[in-house]
Each structure stands twice: as C-alpha cells, then as structure tokens.
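Peer 1: The following comprises the amino acid sequence and a computationally predicted model.
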Amino acid sequence: MRVLVKNFFLLGGFLLLSACASVNLGGGSSFELRDYKEVTLENGLRVLYVSDDSLPYVSFRMLIGSGSATDPATQAGLASLTSDLLSKGTREMNAIQISEAFGQYGTEFGSMVSEDFTVLSTTALSFHAPEVFKLYSKVILKPGFDKKEIRDLKNQYIAQSIKRIDSPGYFANVAWQNYLFENHPYAKPSTGTKKSISSIRKKDVNKFYARNYRPNNSILAVVGKIDQSLKKEIEANMGQWKSFDSKKSNFSAFPSIEGRKLRFIHKNGLVQAQIRLGTKGIKRSNEDFLTLRVANTILGGAFSSRLVNKIRAQLGLTYSIYSSFDAREDFGPFEVSTFTKSQTVGKTLEEILKLLEKFHQEGVSEKEISSAKAYLKGLFPRSIETPERLAYNLLVLRYYGISDDYLNDYISNIDKIDVADVNRVIKKYMNPKNMKILVYGDKKASLKQVQALGPVEIKEAGDLL
Amino acid sequence: MKKLYVGLLMVFAFCSAHAETPLQTKLSSQIRIPVEKYKLDNGLTVLLHEDHSLPIISYHTWFRVGSRHERPGITGIAHMFEHLMFKGTKKYPNKKFDELLQANGATNNAFTSHDYTGYYENFPSDKLELIMDIESDRMVNLDLNEEMLGAEREVVKEERRMRVDNRPGGVLYENIYRTVFRVHPYRWPVIGWMKDISSYKLEDFKQWYKTYYAPSNAVLVIAGDFNTSNVKKMIQKYYGPLKAQPLPEQKYASEPVQSGFRQQVVTKDVQAPLVSLAYRGPAASDKDTYALDLLGRILGSGTSSRLYTRLVYRNKKATSVGAYNASGKDPGVFQVRVSLKPGVPESQIQQALLGEIYKMRSTRVSEQELQKAKNQTMLSYVSSMKTVDGKANILALNEILFGDYSEFFKDLDRYNQVTAIDIQEVAKKYLTPKQASWVVVKPRNVSANTQGVQQ
C-alpha cells in the first residue's frame, strides 16, 4: 500500500445527506440522493428506512445517544462494557446460544462505542431478515447481564488494555487523548483502564443500561430489501420499549494549554516512534466546520497536502502523516499524527512545527483552495454511495442535531468558500503556539531529541494502563 | 480464503451455502453483473462494467507482477516500484500527478501482493479522459531517475518498520511464510528484507519496469458511469498505440513436500505471546480451496467458531483467534492464529490447537457448522459488491488470478456444493502433523504488568 489514509467515511465529521434532492456536482453532472423515510414511534424511537433492492441483504444499525463520555469519572469503560455485554446473554439465551444463533445466519452482533455515542449493528441476507431482526431486538431490549459474564468480560478488557502497548499507533492514540483532555470526559480510554474496569459492578452496568438504552435516546436505521411485514414487525417490536428521560451532565471545560507542552512515553525495543501533536479543535455544531475542512485538506487531509509533500515525499521521514479536526459534541482535537524511526524524531517535530508556523502566518493560496474544494466535492458521492453509508450519515447528523440540508447544500456550500474565509479560520483555529506534543518511543534513542524542544514529562508505557 | 478482497499481502474471502435451495441459487444470480471483456491487439485485457447509479467511476489497472517475480537480493522491489509509479512522467512530472488528481476530485492508491500489483483511482465521471491519459502515459513513460530514489527509499523503510519491525503481528506473519516456504518466492515478505530495501539500484527499477510494465501484462477495469461504446474508442486512442512486450520465461522453484514438523520461535519486547499453526495450502485455482476456506471459517471465523468458544470464551487463555486459508497463484498458507492473554505461556496452547486440527481430520463437521460457514461466505460475497470500487476490484482480482473474471460468479455455487466429507478430506490432505509449522512471537520476560491477570 502506498499510503495510510484515515477512513473519510467514518469520521463523525464527514457527513452529507438528504431526501431526493438533486445535487449538482459541477462539470455538468448531478445526481439524486437516494430516497429514505423516517418514522417516529410513540415511545420516541426514530426509525429510518433506506430501501435498496440491488442486492439481497438487510442491515440494522442503532445509534444510542450515549458513548464513553457518559462513563462516570471513576468507571471509564462502562459504556463499552455494557454494549459488549448485550450479546453475552439475554433473559432466555446464554452467550454461546446468541453467538450460535447469529452465526447460523452467517452474521454477528457488533457494537462500537465512540466518545459521543454507541452503534449496535448486524447485517443479514434478506431471506434471513425476520429471524435476524428478532435476535437483534432481543439482545438490545432484553439483556441478561449475568454476573459470570460480567466478570469474564472485565478480565478480557484488562488483558486487552495491557496488550494495547504492543500496537504503537493505537496506544499512542489512547495516550494522546489522555494527555490532551486531562480531566475532561474525552480523556478516558473508551475501553477503560485496569483500575476503572476492576471497579465496575453489575449494578453499575444495570444502571447505565437503564438510563441510556432508551427509545427516546436512540435512532434505528434499517437498510436493504425491506418489505411491509418486516416494517410492521420492527415497529410493533420496538414500540414496546419504554422511554425514560435522563439528563446528560454538562461537559467540563477544555483544559487550557499555555505555550508548548511535551510528554514522552517510553517502551523498550521500539524502533519507530509515534508522534501526536495538537490543541483544542471544534464542536460539530461549529459554523466553520466546512471551511476548516477545506483548510485541513490543504494542510494534511489529502495526499498532495503540505504535510505529506514535505514530511513524506521530500524528506522521507515517514510513511504516513495527516492532520485532522475531530469535531464532536464538545470540543474535539485539532491534531497532527505521524511516526518516524527513533533517530529522526527531533527532525520530524522540527519540520512539522516549522510548517505549521508558516501555514498559520501566511495562509493559503487561491490555487490550493480550488484544488481542496474539488477534492472534497469529488469525495462527496462516494461518502453516500451505498445506502448503508447514507444511513450512517443520517444517524450521525440526527445525533448532532444537524439538518439534512447539510447534505443537500454540501456542494453549494463548499463552492461558496473563498480565500478570505479559509485564511480567517486558519488564523482563528490553527495556531501552533499553544500545543501539546506526545511521543511514544524508546527513550534511549529518542528522548534527547525531544528535550531539545523544551522540558519533557517522561512516563513509562505501563503507567498508562 | 478465496477471491474477494485485497490487502498488501494477500487476499481474504469466503463463502456459501449447503444443499442447493432456490434461495441460494437465486443469490448466485443476483450478484452477477454485466461485464464486457475484450483484448486490444497489444494484449491489454479490458473489462467494462457500465453502471449509472452515481456519477462516479472506479478505474483499476493491475499488472501480473508481484514479489514472486523477485529474487534474493532485490526482495521488495515490486512494492517499492509501485511507490515510484507516482513519481511522474515527462508529460505529468513529479508532484503534478497527485496535485492534478486532487484538483479533479480523484482519490487514488495502489497495492502490491505476491502475485500482482494494482493501481486505482475513484473520481467524478466527467474526468475519465484525463485519468486515462495519465494512466496510459505512466504505463510506458515513467521517468525513473536517481533523485527520486533517496527519499522514497526512506519512506518504504518507515513503512516496513510500521508494518513489521514495530508490530508483533507483522513479525509473526513474516515468520510464518519463511518457515512454511524454504525455496519458493512466497518465502520472503512482499515489503522485502530491510537490507534489500537499502540496496536497490536505479538500474534494478529500470529493468523491472521494462520487463513487466506493458499492456500485454496488464488488466484494465473500468466500472461506473460511462457509455461503453464511447469508452472503447477512448481506450483505443490512448492504449492502442502502446507496444506489446513478450514476458521472459520464468521458472519458479517449486516447494518440496514438507517432511516433518517445523518450529520457529522469536523473542520480542511484547506483553503476551502470539502463536500460529500453519500449513501449506492449495493454489487459488485448486478446487480444494472451497473446502479449506469453509474449514477455516468453522475453526476461527466469528464468536461461535470452534476456536473462539474454546480458547477465548471457555478456557479464557486468548484474547483473539483466527483461521484462514490464504491462497495465491501458487500454493499458499493455511494458518490458525491465536493472540494469548498476558501471562499465558504459548506451550499451553499448542496441544489445544493440534487437537482441533486432529478433530478436523478424524471427525466430520456438523451440518449446522457447515451451513453457518456457507452463510458467512454468501454474506461476504454480497458485501463485496456494494460499491463500484468493490466491483472493479473483484473483477480485476479474478481476471488476474484465473484469467477469467467470471470465476467469481461461479464461486457461490461451488462453495454450496462442499460437503462435510470434502472438509474432512482436505483436512487429511493438507493439515497433517508432518506438514505443520509452529511459529511463535514471545515476550522477552514476564513484565510486571501481567501480574494478576491470569485466571
């Protein structure tokens, strides 16, 4: 593979959507967004239907509007553990029976927890859809939360948190969130730590489930070959789910960053160091969201961006580098992510900082902007190419309370962005003066290079489990 | 597994269902898509799939060259050459290439495997002619010079550190192949040995390009929003003038039959052991792949598989398991992999794995397990067809591996016909004690962090 790219389609940020509007792509081509329907049940559950008869499948995906940021302060991992426990037992079936039942249809029950929300999904061949839906709804609505299953899964989580050390990129991501966000809810690893997982009890899981797994906190998307009887079954079944109003607590403030702060995490034997640097980014509701997307494409969001050109193509310091704004319900990070051999950590950091400084001071050219806009417009149809991608975008837009016009007007809104807009947001959001820098590597080979940039706080990888 | 998806090193995939029922027969016809195939006079194979659902096109150019064409001393050159294909020609010089693609809303990438090297672009459909101009140009006019080698060599070394040297799973993978193969080119990693990456000469790349990059050694697949008759004219205009080039006769050392159990243990700074039990499997074109693919699914695919329920769920010795048959142009590798919990020594797992393999040889799998594996396969075939890029990818892969893209559409029926007896037969044929390799990446010492995790 020539390059590692972030998956644009799954970023909370890259969303587009709408019902049957014609979108003009420029250059004479336009297309109709796929049709979809939305129903709200009496208990508050919203159900989206996106029909697709081109292939024989049906997929179910439910967004629960609570993620790892909802974990109590001392119980990081609770949201994730709860979602993984759903398929470990209902009131009538044990874990093996559930796996077998899904497995028999060639499928699995999947759960994914992000900072802001949880997604529960499964896919089936269309001729198995009614049976698979029954299982899917049973697992979500009637979990058993058996004591033994909770204990086993906790042990599994603890083992995995230790093994995280061996995946340098993943470990650095977790350590970076922790460093950047300090005491903010986004700081905690979504799968918890040894200590936080150990402290979780059955009653905590029950309580988390009772508060968050509610129809009025959820949206279900059904995609594929959907017939009337399946729809009826879905609405009757899900209609029995009881609503409950629980208040979400407010986010604490984003920790302030004054000047440049450095942290080094050591592990023996690493031949390549992971590097993360960045600062406070934006909320998903920010009006400058799209303009920042254009700015970021120029900086490090595409293969011919400035960071890739300089750090990879010209200097050969890395195989992959990118920058991003991860826009969330609360402020997410603006960050640069890369890796390099132990011997060139200092040089890489120096070059990135120089480049960020210049970017912030001088802004960008007309030519760069028109290229970035064309690139983003070119990606657009593929971000909604499959009905499942469209449905995922619809779910996430609804979660963040953003209108489907975001999709309808995506192309025309990109077209409106000009040099002055982009340079304004660069000045406002992309200042490299106040930044945190994290390096995960072997200190024998790299620490001195980092210390050349300022005082460094040093930790052992094992401290962060 | 069989012919579905492409990674750096290989191809994963799966498939199908039991006694032929109307539903499943229908499925195999439902995933069939219309394709026009023809050859230019210069030997270029062309596959066209017209689909106007969205104004986008997926454009794939695959060459029948991979790491199997290398020799010791220049291992990994197929892959680094792939990187150089983005460095430009006289007409579209360095940097212009990526800039131009971006400015036209195109995304692009490439990959290298044992058997092939593929390049692709996805873009708005009104940009087709530009992309065709760029692709046909770099097929023969690449500007290879000393200057471009320096930085790119470093990029490739970083890629190797990221994929292998800094990653226990990569180390395991590399050691499986060099243990199972003693002489065949699958023995060395697609990315190459570090010392070879450091020493390729410009002349090696020039020779590689001249030998393997020609229309007669390529498959062009275009899928998406275009008019077939117009595109055929366009293809003639851009690719027609290119010259055919005969390939040199190439003989591959064939791997002798393994005569005894092999073992390879590597020590690293890791938190817990990774282990693999591996066997030489069949080539992708061998009918045995269907049964062996399903056997792999029954052993290790999903949370209801035999290995998961035993090692992760019941014994609690592992955090993850996998079993799959990776087959290529030549006989590949069937492997079982287990990632152990910190504190569990690898010796505790060897008997369990050998026992599971023994069961496959001695007892027939249940009808229910077989049907499950077939259903998983069907679902994965359907999933692979959801995007135009996915379709183009599958057409190119099957055309390269089998010389006939339509093999893909026959797979579901073939998986469907596999019986429990077939599965036992392939287990007896390939998964024998003498043909096994035991490969381990284990911790240097027990770290303090692993205390108290054991059950």
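Peer 2: Yep, it's here.

Peer 1: can you list the residues that contact stretch A:156-167?
Peer 2: A:77, A:80-81, A:170-171, A:174, A:189, A:191-194, A:197-198, A:267, A:461-462, A:465, B:167-168, B:270-272, B:312, B:316, B:319, B:339, B:341-342, B:449-450, B:453 (C-beta atoms under 8 Å, 6 or more residues apart in numbering or on different chains). For glycine as for every other residue, the C-beta is placed from the backbone atoms N, C-alpha and C.

Peer 1: Which ones among those residues lie within strands?
Peer 2: Using DSSP state E, the members of these that fall within strands are B:Thr319, B:Ser339.

Peer 1: Are any of the contacts of stretch A:156-167 buried, and if so which?
Peer 2: For the contacts of stretch A:156-167, a neighbour count by 16 or more other C-beta atoms under 10 Å in any protein chain shown gives the buried set as A:77, A:80-81, A:171, A:174, A:189, A:191-194, A:197, A:267, A:461, A:465, B:167-168, B:270-272, B:312, B:316, B:319, B:339, B:341-342, B:449-450, B:453.

Peer 1: Which residues lie in contact with the closest residue to chain B within chain A in this structure?
Peer 2: Using C-beta to the nearest C-beta, the point where chain A gets nearest to chain B is A:Gly378, with a distance of 1.9 Å. The neighbours of A:Gly378, taking C-beta under 8 Å, 6+ apart as the test, are B:Asn104, B:Gly105, B:Ala106, B:Thr107, B:Phe123, B:Pro124.

Peer 1: My reading is that the fifth one lies in a strand. Confirm?
Peer 2: Yes. When the secondary structure is assigned by DSSP: H, G, I helix; E, B strand; the rest coil, B:Phe123 falls within a strand.

Peer 1: Roughly how far does it sit from A:Thr40?
Peer 2: Per C-beta to C-beta, to the nearest Å, B:Phe123 is found 39 Å from A:Thr40.

Peer 1: Looking at these two, which is more packed in?
Peer 2: Regarding B:Phe123 and A:Thr40, a neighbour count based on other C-beta atoms under 10 Å in any protein chain shown identifies B:Phe123 as having more, with 25 against 12.

Peer 1: thinking again about what came up before, which members of the contacts of A:Gly378 additionally contact chain A?
Peer 2: When C-beta under 8 Å from any C-beta of the partner chain is taken as the criterion, the members of these that contact chain A are B:Asn104, B:Gly105, B:Ala106, B:Thr107, B:Phe123, B:Pro124.

Peer 1: Can you tell me which of these is nearest chain A?
Peer 2: Where these are concerned, and distances follow C-beta to the nearest C-beta, chain A has its nearest neighbour in B:Gly105, at 1.9 Å.

Peer 1: and the closest residue to A:Glu366 other than its chain neighbours, what is it in contact with?
Peer 2: Counting by C-beta to C-beta, 6 or more residues apart in numbering or on different chains, the nearest residue to A:Glu366 once its immediate chain neighbours are dropped is A:Val419, at 5.5 Å. With contacts defined as C-beta under 8 Å, 6+ apart, the neighbours of A:Val419 are A:Gly363, A:Val364, A:Ser365, A:Glu366, A:Ile369.

Peer 1: What separation do you get for A:Val419 and A:Lys367?
Peer 2: Distance from A:Val419 to A:Lys367, counting by C-beta to C-beta: 10 Å.

Peer 1: Poorly predicted segments of chain A, please.
Peer 2: For chain A, the stretches with pLDDT under 70 are A:1-31.

Peer 1: May I see the buried residues of the helix or strand harbouring B:Thr377?
Peer 2: The secondary structure element spanning B:Thr377 is helix B:367-383 (assigned by DSSP states H and E). Neighbour counts using 16+ other C-beta under 10 Å place B:369-383 of helix B:367-383 among the buried residues.

Peer 1: Surely B:Gln424 and B:Ile357 touch.
Peer 2: No. With contact defined as C-beta atoms under 8 Å, B:Gln424 does not count as touching B:Ile357 (11.9 Å).

Peer 1: And the two? Which one has more around it.
Peer 2: Set side by side, B:Gln424 and B:Ile357 give different neighbour counts by other C-beta under 10 Å, the larger being at B:Ile357 (22 against 19).

Peer 1: residue contacts, the spatially closest residue to that one that is not a sequence neighbour?
Peer 2: The spatial neighbour of B:Ile357 that comes closest, neighbours along the chain excluded (C-beta to C-beta, 6+ apart), is B:Leu431 at 5.1 Å. Under the criterion of C-beta under 8 Å, 6+ apart, the neighbours of B:Leu431 are B:Tyr279, B:Phe334, B:Ile357, B:Met360, B:Arg361.

Peer 1: rerun at 10 Å
Peer 2: B:277, B:279, B:281, B:292, B:295, B:299, B:334, B:336, B:354, B:356-358, B:360-361 (C-beta atoms under 10 Å, 6 or more residues apart in numbering or on different chains).

Peer 1: Can I have the buried ones of those residues as a PyMOL selection?
Peer 2: Once 16+ other C-beta under 10 Å is used to decide burial, the buried members of the contacts of B:Leu431 can be selected in PyMOL as follows:
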select buried, chain B and resi 277+279+281+292+295+299+334+336+354+356+357+360+361
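
Peer 1: Out of the contacts of B:Leu431, which is nearest to A:Tyr136?
Peer 2: Proximity of those to A:Tyr136 was ranked by C-beta to C-beta; the top entry is B:Leu299 with 25.9 Å.

Peer 1: how about the strands in the chain?
Peer 2: All of this refers to chain A. When secondary structure is read from DSSP E, chain A shows strands at A:22-24, A:30-32, A:37-40, A:46-51, A:57-64, A:110-113, A:118-125, A:218-224, A:260-266, A:272-280, A:321-325, A:333-341, A:435-441, A:456-460.

Peer 1: my bad, chain B
Peer 2: Under the criterion DSSP E, chain B carries strands at the ranges B:5-6, B:11-12, B:36-39, B:45-50, B:56-63, B:107-112, B:117-124, B:218-224, B:262-268, B:274-280, B:318-326, B:333-340, B:437-443.

Peer 1: TSV for the ones you listed, including mean pLDDT?
Peer 2: TSV is the format used below for those (pLDDT from 0 to 100):
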stretch	mean pLDDT
strand B:5-6	36
strand B:11-12	26
strand B:36-39	98
strand B:45-50	98
strand B:56-63	98
strand B:107-112	94
strand B:117-124	96
strand B:218-224	98
strand B:262-268	97
strand B:274-280	98
strand B:318-326	96
strand B:333-340	97
strand B:437-443	97
